[in-house]
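> Dropping a prediction and its sequence here:
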Amino acid sequence: MSSSRGTLAGLGALLALAACGDLPQPYRGRPGSQAQVLAIPLAVRLAVPPPDQALLPADGARAFSDALTAALQAQDVPAIATATPLPLDWLVEMTAAMEGQAIRPRFRLLDADRRAQAATDGMPVPIQDWAHADRALFDRVAAEAAPKLTQLLLQVEAARKSTDPASIAAGPPRLRMVGVRGAPGDGNTALGSRMREMLGGQGFVVQDTAEGAAYGLQAEVLVVPGATRGVERVEIQWIVSRKDGEELGRVVQMNEVPAGRLNRLWGDIAYVAAEQAAAGVKTVVSNALQAPPTTSDAPRPEAPQAAGAPSPVPAGAATQR
């Protein structure tokens, strides 16, 4: 199996992670101060037609459409509830499916040619509540879904603008973010949220569902006692895979921090870690796209060690094979 591996090794606290090879240097100054700002003007109008496959009667479907439209408008998204979209409108396609004793709303962003660009799931709703749904329930579901749809739409816009014109028809690369596990404190949530933001800036559309995604990303965090008293060693592995099940590579970050430092809030540490790892994920995907086909019998020569990487410590090198 061919693989591509990018590795980051830190010197000092995790806040001062140093990148190896061609990966970028840490964010300087005040990391995280602009994390919630995506200054990408939306160039499309989003139509929200009443869903006909959301397990709702006609009046409920219209109420659901109105609720989601209002929630999207509150996010400054140019959205309109209409059953007759204009030719250049993008669409929010809403459906719902049974999951045990609950109903799971689902949302897809479709471009003007009705090609799926991104997808996300809403919060589950008890079947009985969905059967007697009123506007208050739809408002709650819409309030939870609208920020995710807005983020996806911004990522699609950014990715399309950064894509080679010859490839725009195929749409931006879509990646399913499975999640982060193993981190103490709020690390799983903080790292996952920051990584979504950073990957959007790298030209990916990050979604919760597998539908339409070409790549998958998951992260594992390990915190163990360090070599000296009062210190813990932190290792984060971002694992990139393809929809055929092949693991394309890993971005590995290692460092030592004061014991207990990550037991509560990760804050800017999550920002810096995600910023650097997102560049590594892009490198892994780019290398996989450029690599020629290989067979199990073909030799796999080791690539030269990245400039500036410590030797012979494996954790300090960015290699490809």
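Good, I have the coordinates.
> Tell me where the stretch 201-321 of the chain has helices.
268-290 (DSSP state H, counting those that start in this stretch).
> Strands of that one, residue ranges please.
Using DSSP state E, counting those that start in this stretch, the strands of the stretch 201-321 of the chain run over 205-207, 215-225, 231-242, 247-258, 319-320.
> dump the residue contacts of Ala116.
In this structure, Ala116 makes contact with Arg108, Leu109, Leu110, Glu211, Gly212, judged by CB atoms under 8 Å, 6 or more residues apart in numbering. The way it works is simple: take the backbone N, C-alpha and C, and place the C-beta from them, glycine included.
> Buried only: go through those for me.
Judged by neighbour count, with 16 or more other CB atoms under 10 Å as the criterion, the buried members of the contacts of Ala116 are Arg108, Leu109, Leu110, Gly212.
> Mind putting those residues into CSV with pLDDT, distance to Val156 and secondary structure?
Written out in CSV, the entries for those read as follows (pLDDT from 0 to 100; distance: CB to CB, whole Å; DSSP: H, G, I helix; E, B strand; the rest coil):
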residue, pLDDT, distance to Val156, secondary structure
Arg108, 93, 12, strand
Leu109, 92, 7, strand
Leu110, 91, 11, strand
Gly212, 74, 12, coil
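> now stretch 113-121, how far from the centre of its chain.
Offset of stretch 113-121 from its chain centre (CA atoms, centre = their mean, to the nearest Å): 15 Å.
> now that stretch: mean pLDDT?
The predicted model gives stretch 113-121 an average pLDDT of 88.
> and what of stretch 180-193?
Looking at stretch 180-193 alone, the average pLDDT works out to 94.
> mind checking the longest helix of the protein?
Taking DSSP state H as the criterion, the chain has its longest helix at helix 135-162.
> which residues does Leu91 contact?
Counting by CB under 8 Å, 6+ apart, Leu91 makes contact with Leu46, Ala47, Val48, Pro49, Pro85, Leu109, Leu110, Arg114.
> residue ranges with poor pLDDT in this structure?
Under the criterion of pLDDT under 70, the regions of the chain flagged as low confidence span 1-43, 160-171, 244, 291-321.
> quick one, phi/psi of the residue in it sticking out farthest from the centre?
Relative to the centre of the chain, the most outlying C-alpha is that of Arg229, 36.2 Å out, by CA atoms, centre = their mean. Dihedral pair for Arg229: phi -60, psi 140, per degrees, to the nearest 10.
> State the distance from it to Pro258.
11 Å (CB to CB, to the nearest Å).
> now swap in Ala273 and tell me
Distance from Ala273 to Pro258, counting by CB to CB: 16 Å.
> Give the helix, strand or coil label for Thr69.
Three-state call for Thr69 (DSSP: H, G, I helix; E, B strand; the rest coil): helix.
> how many neighbours does it have?
By other CB atoms under 10 Å, the residues close to Thr69 number 21.
> how about it, what does it touch?
Listed by CB under 8 Å, 6+ apart, the contact set of Thr69 reads Val48, Ala79, Ile80, Ala81.
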